[in-house]
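1. any chance you can model this:
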Amino acid sequence: MMKHAVLIILALVFATTRIQAQRIKGSDTVLPIAQQTAERFMKLNPNARVTVTGGGTGVGISALLDETTDIAMASRGIKFNEKMKAKAAGEELAEITIAYDALAVVVHPSNPVKQLTRRQLEDIFRGKITNWKQVGGDDRKIVVYSRETSSGTYEFFKESVLKNKNYMSSSLSMPATGAIIQSVSQTRGAIGYVGLAYVSPRIKTLAISYDDKHFATPTLENAINKTYPIVRPLYYYYNKKKSDQAAPLLQFTLSPAGQEIIKKSGYIPVNE
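-> Next up, the predicted model:
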């Protein structure tokens, strides 16, 4: 009911608002959604101008607070200190869930390991399991790749998989999802994590279990039916004082047409 009310409000604003230029910045996970919905939006609205850039969730929210972007893409919820910065500046940020995403654990295609439990993943990323033979693989050192600390994906993996424990100090931090894919595809002992939409034949995904019994691979179907356990919401944040300016694009993103683009891109629509 509340979702419909938001759409109705946005639709009313859209009908009375002149379309303006929009800047979107932040999460690399959300980047494909933002790019594809923005392209379609601009085709439908020739006067609209939307620019989309990545950099990570933290970068996007900082840009929103600095007023160098209009919408921040985020793959985690806003942090307390970010809320306090907004409050101190007299700003109020609005949050909208635009989709959900499965986070895939990926290894080199030659790796014979097919599945891991959450605890095994925690021990690998914490540095307690250091060789693939400890989890049924080859006698090969595990090379751990993660995102940098400003990434919402980094934060979500830490919260969901590591149960808020710290990553091993020798993990290799990558500045973007593409860098993880490239590194894992070129390193036989590598392991990392990427959003489902970024999965490609260059890397191999693992089936994951949180109960040590039921393993599921990261697919759109398994994410929707909730058998795959590593799923998180994706957000747009914007300044409430600029609601009129943000409304047209937000309305389109949440519309059936926008949500269909999201599903075809490998993400889970909010109404599934």
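2. wait, a helix at Leu103?
-> No. Under DSSP: H, G, I helix; E, B strand; the rest coil, Leu103 falls outside any helix and is assigned strand.
3. so it bridges to which residues?
-> Gly195 (DSSP bridges).
4. contact partners for it?
-> 153, 156-157, 160, 193-196, 218, 230-232 (C-beta atoms under 8 Å, 6 or more residues apart in numbering). Every C-beta, even on glycine, is put in place using the N, C-alpha and C of the backbone.
5. return the distance of it relative to Phe252.
-> Going from Leu103 to Phe252 by C-beta to C-beta, to the nearest Å gives 26 Å.
6. quick check: buried residues in stretch 142-158?
-> Within stretch 142-158, the residues scored as buried using 16 or more other C-beta atoms under 10 Å are 142-147, 150-158.
7. I should have written stretch 114-131 there, sorry.
-> Neighbour-count burial for stretch 114-131 [16+ other C-beta under 10 Å]: 116-118, 120-126, 129-130.
8. now do the domain split for the protein, please.
-> Domain ranges of the chain: 21-100+234-265, 102-225, per the TED database.
9. return the most buried member of those.
-> Ranked by mean neighbour count under mean count of other C-beta atoms under 10 Å, the domains of the chain are led by domain 21-100+234-265, which reaches a mean of 19.
10. end to end, how far does that one reach?
-> End-to-end distance of domain 21-100+234-265 (C-alpha to C-alpha, to the nearest Å): 24 Å.
11. distance from the chain centre to it, please.
-> 13 Å (C-alpha atoms, centre = their mean, to the nearest Å).
12. was I right to think Arg188 contacts Pro109?
-> No. Counting by C-beta atoms under 8 Å, Arg188 stays clear of Pro109, with 9.3 Å between them.
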